[in-house]
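> Have a look; sequence and predicted model below, questions after that.
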Amino acid sequence: MLKYLIKNATIVDGSGAPAYQGTVGIEGEKIRLIPPGAPAEAEQVIDGTGKILSPGFIDAHTHGDMPLGREFASLARLNQGVTTQVSGMCGMSMAPVRPGYVEMVQASMGMLLDKWPEEMKTFTTYEKYMRYAETLKAAENTKFLVGHLTLRVAAMGYENREPTAAELASMKSMLEEAMQAGAGGMSSGLVYVPSAYGKEPELTELCKVVEKYGGIYTTHMRNEAMGCIDSVAESIRTARGSGVDLIISHHKLAGKGAWGNSRITLQMIDDANEKEGLTVHADQYPYTASQTQLSVCAPPEYYDHGMEGMVEYLKDPVMREKIKRDMNDPAHDYDNFYLNAGGWSGVLVSKSVNLPEVEGKTIAQYAEEIGKDPFDVFCDVMIANDGVATAIYFCMCDEDLFRIIRDPYVMVGSDGILRAGTDRPHPRANGTFPHAIRTFVRENHILTLEEMIHKMTGMTAEVTKIPNRGFIRDGYQADLVLFDYDELYDRADYQDPTRLTDGIEYVFVNGALSYRDKKLTGEKKGQLIRM
C-alpha cells in the first residue's frame, strides 16, 4: 500500500512540458505515477484539486552547509518549497582546514555562521567533514562543494601572491581528496580575500582536478559591476582551459554604469555553449538588491593581514583616510560595492551584533540620525564587530533581472545566508522561489509556470548533477511540493525578512511529509548527496 496518494492535481513535472491533470503516489522514498483510472490505495489521500504538484525546488546556490541541521535553516528552505540545496558556495566551505589556520578561515567566513562547531578543527580532510555532516539530521537534502578560499587558507594563509609549486600541489591534493570524499566540485569567491588573490592559472589548475571527477565549478566572479564583461570572459577561459562545467554564481549587473551589459554577458554564455561546446550556466536570485559582508566595501589589498589586520587599519587615522580615498575612487580596480549601491544611502546594514542600533537602516540614514560622517559610521560598525557584519546593497535594475532569467542557461539560486535564527537576512533566504514565480510568471509574464519550475527543478538537477531528483517520474525520489498557485505569495521583505510563504501546503522530502501548515513536521529525512 502507498503511504500517500495525491489525487487530481495539476502536475508540473519539472521538464518544462505542459502541465497535466494526474495522480501521484508515494511508496517509501519513491514516486509512483498512477495511470489514469488505475486503482490505488494509500494510508493517506490528499485531494490536489485546483493545486499545483511539482518536484521539490532545488536551490542551485546556498550557504546552507554552515547552519546545516538547525531548525531555522530547514524552515527557511521548506517554507518556500525547497527540498534540496547545493552549498559550499562563493569559495567558502568548512573543510579542509589545517592546524593553526582554523580561526583564520572562520574569520573569513564570519558572515555565514554565529557559532562554529567545536569539531571544525578536526576537519583536516573532507571525508572527516562529511562524516560529521552525516550526524546533522536535516529536513532538506544537501550537496556540497569545496571552497577555493578554504583551500587557499589551508595551503598558504592570507598571502597576497601566487602559490608556490608546493602550495598549489597542496591545494590540488586537498581538492582531490574532497572530490573522492563526495564533494560535487569547487566554488570560488573572487571578491573575498584570500580567494581574491587567486589568479586565473591557479583556478584553471584546480578546475582540472574537478573536471577529472566530473564535478562542477561555480564562481562568484571577480567583478559583477563595470568589470563584469571581463569577469565573465575570465570565468569562461577557466572553463575552456580546464574542461570543467561552469556555473556563474548569482549573475547580476551591479551599479548603474553596468546596467544593460547583461545583453553582452548572456551572449557570451550562449556562445560558449552553442559555438564552443563548453558547458556554461548561471544562477540568479529574483531581487534587485544583493547581500554580503560589509567588509567588501573596502579594496581587497587592505585584507593582506586578514580581517583583524583590516580592522587595525581602520583604527589608524592615516590608513583610514587612505582607505576612504580609495573607496571613493571609481578608477580603483575592484568590485566596489559601496559605489555600486550609489553610496551609503544604498547600503543597508542587516547584521551588526555589537552595534545593533544600526541594523535595518542604511548607513546614510543612521549617520544622519547621530550627526556623523557616513564613512565614520562604516568604520564604527566594522571596528565594533571585528569586521564581521553584513549589508544589503541596492544596486541592480529590473531590466537586467528580467533579461537574465529568460536566458536558457540560467536557473534559480537564492544565495541565502542564514547565520543565526535571530538574524535579519536578505528576504531571498526565505522567499526566493515563490518570489520568482510571483515576479516572473504571475505579475510580469516573463515565463510560463512550466518554464519557471523547470529552472527551479529539472534543469537545476541536471546542471548540478543531482540524480533521481528534479522531475516527477516513476521511481525518482519523492521530493514534492503541493501549492496553491493563486494563493502563493512570499511574505519575506527587507524589513521583515523571515515571514513565511503563503500557499505552500505540503512539502515531501524523500517520501516524508516534512512541512505542513507553515510548520516543520519534525521529519528529518534529508540526505547528503555525494558525487
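Alright, I've got the coordinates. Numbering: from 1, shown residues only.
> hey, let's count contacts and neighbours off CA atoms from now on
Will do.
> Do a quick rundown of the strands in the stretch 351-500 of the chain.
Ranges of strands in the stretch 351-500 of the chain, per DSSP state E, counting those that start in this stretch, are 390-394, 410-412, 480-483.
> In TSV, list those strands along with distance to Pro286.
Compiled in TSV, the strands of the stretch 351-500 of the chain are given as follows (distance: least, C-alpha to C-alpha, whole Å):
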stretch	distance to Pro286
strand 390-394	13
strand 410-412	8
strand 480-483	20
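> Would you mind saying which of those strands lies nearest Tyr20?
Nearest of those to Tyr20, taken as C-alpha to C-alpha: strand 480-483 at 14.2 Å.
> List the neighbours of that closest one that are in contact with it.
Applying C-alpha atoms under 8 Å, 6 or more residues apart in numbering, the contact partners of strand 480-483 are 48, 51-57, 81, 83, 503-509.
> re earlier: export the strands of the stretch 351-500 of the chain to JSON lines and append columns for distance to Gly91, mean pLDDT and mean neighbour count.
Shown next, in JSON lines, are the strands of the stretch 351-500 of the chain (distance: least, C-alpha to C-alpha, whole Å; pLDDT from 0 to 100; neighbours: other C-alpha atoms under 10 Å):
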{"stretch": "strand 390-394", "distance to Gly91": "17", "mean pLDDT": "95", "mean neighbour count": "27"}
{"stretch": "strand 410-412", "distance to Gly91": "19", "mean pLDDT": "98", "mean neighbour count": "28"}
{"stretch": "strand 480-483", "distance to Gly91": "30", "mean pLDDT": "98", "mean neighbour count": "26"}
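> Identify the bridge partners of Lys143.
Note on Lys143: beta-bridge partners Val86, Ile529, judged by DSSP bridges.
> With Pro55 instead?
Beta-bridge pairing of Pro55, defined through DSSP bridges, involves Leu480.
> ok, back up a step: among the strands of the stretch 351-500 of the chain, which is nearest Thr457?
strand 410-412 (8.8 Å).
> helices and strands around the closest one, which ones?
Strand 410-412 sits against strand 280-284, helix 458-463, with contacts defined as 3 or more C-alpha pairs under 8 Å, 6 or more residues apart in numbering; DSSP states H and E.
> Packed most tightly, which of these would that be?
Looking across these with neighbours counted as mean count of other C-alpha atoms under 10 Å, the highest average goes to strand 280-284: a mean of 25.
> re the thing from before, which one, of the helices and strands packed on strand 410-412, ends up nearest to Asp423?
strand 280-284 (22.9 Å).
> Which other helices and strands does that closest one contact?
strand 245-248, helix 262-274, strand 410-412.
> now, of those, which is deepest in the fold?
Mean neighbour count (mean count of other C-alpha under 10 Å) peaks for strand 410-412 among the helices and strands packed on strand 280-284, with a mean of 28.
> neighbouring contacts of that one?
59-61, 281-286, 404-405, 433, 455-456, 459-460.
> same question, stretch 382-392
Against stretch 382-392 from outside (C-alpha under 8 Å, 6+ apart): 107, 110-111, 289-295, 307-308, 310-311, 314-315, 347-355, 381, 426.
> what would the helices and strands packed on strand 280-284 look like in a markdown table with distance to Gln21?
What follows is the helices and strands packed on strand 280-284, written out as a markdown table (distance: least, C-alpha to C-alpha, whole Å):
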| stretch | distance to Gln21 |
| --- | --- |
| strand 245-248 | 34 |
| helix 262-274 | 34 |
| strand 410-412 | 26 |
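> how far is the lengthiest strand in the chain from where the chain is centred?
Longest strand in the chain by number of residues (criterion: DSSP state E): strand 2-11. What separates the centre of strand 2-11 from the centre of its chain is 31 Å, taken as C-alpha atoms, centre = their mean, to the nearest Å.
> can you pull the buried residues of the following helix or strand past that strand?
Using DSSP states H and E, the helix or strand that follows strand 2-11 in sequence is strand 20-27. Under the neighbour-count criterion of 16 or more other C-alpha atoms under 10 Å, strand 20-27 has Gln21, Gly22, Thr23, Val24, Gly25, Ile26, Glu27 buried.
> first to last residue in stretch 323-340, what's the distance?
Using C-alpha to C-alpha, to the nearest Å, one end of stretch 323-340 lies 17 Å from the other.
> May I see the buried residues of that stretch?
Under the neighbour-count criterion of 16+ other C-alpha under 10 Å, stretch 323-340 has Ile323, Lys324, Asp326, Met327, Tyr334, Asp335, Asn336, Phe337, Tyr338, Leu339, Asn340 buried.
> do stretch 71-79 as well
Residues Phe72, Ala73, Ser74, Leu75, Ala76, Arg77, Leu78, Asn79 are the ones in stretch 71-79 that count as buried (16+ other C-alpha under 10 Å).
> and of the residues you listed, the nearest to Tyr393?
Comparing the buried residues of stretch 71-79 against Tyr393 with C-alpha to C-alpha places Ala76 closest, at 21.3 Å.
> Are we agreed that the closest one is in a strand?
No - under DSSP: H, G, I helix; E, B strand; the rest coil, Ala76 sits outside any strand and is assigned helix.
> and the closest residue to it other than its chain neighbours, what does it touch?
In this structure, Ala76 finds its nearest non-sequential neighbour in Asn430, 4.7 Å apart by C-alpha to C-alpha, 6 or more residues apart in numbering. Asn430 sits next to Ala76, Arg77, Asn79, Gln80, Gly416, Ala492, Pro497, Thr498, Arg499, Leu500, Thr501 when contact means C-alpha under 8 Å, 6+ apart.
> of all those residues, which comes closest to Pro96?
For the contacts of Asn430, the minimum distance to Pro96 (C-alpha to C-alpha) is 22.5 Å, reached by Gly416.
> From Tyr409, how far off is that closest one?
Computed as C-alpha to C-alpha, the Gly416 to Tyr409 distance reads 21 Å.
> These two: who's more crowded?
Neighbour totals were compared for Gly416 and Tyr409, and Gly416 leads with 27 against 20 (other C-alpha atoms under 10 Å).
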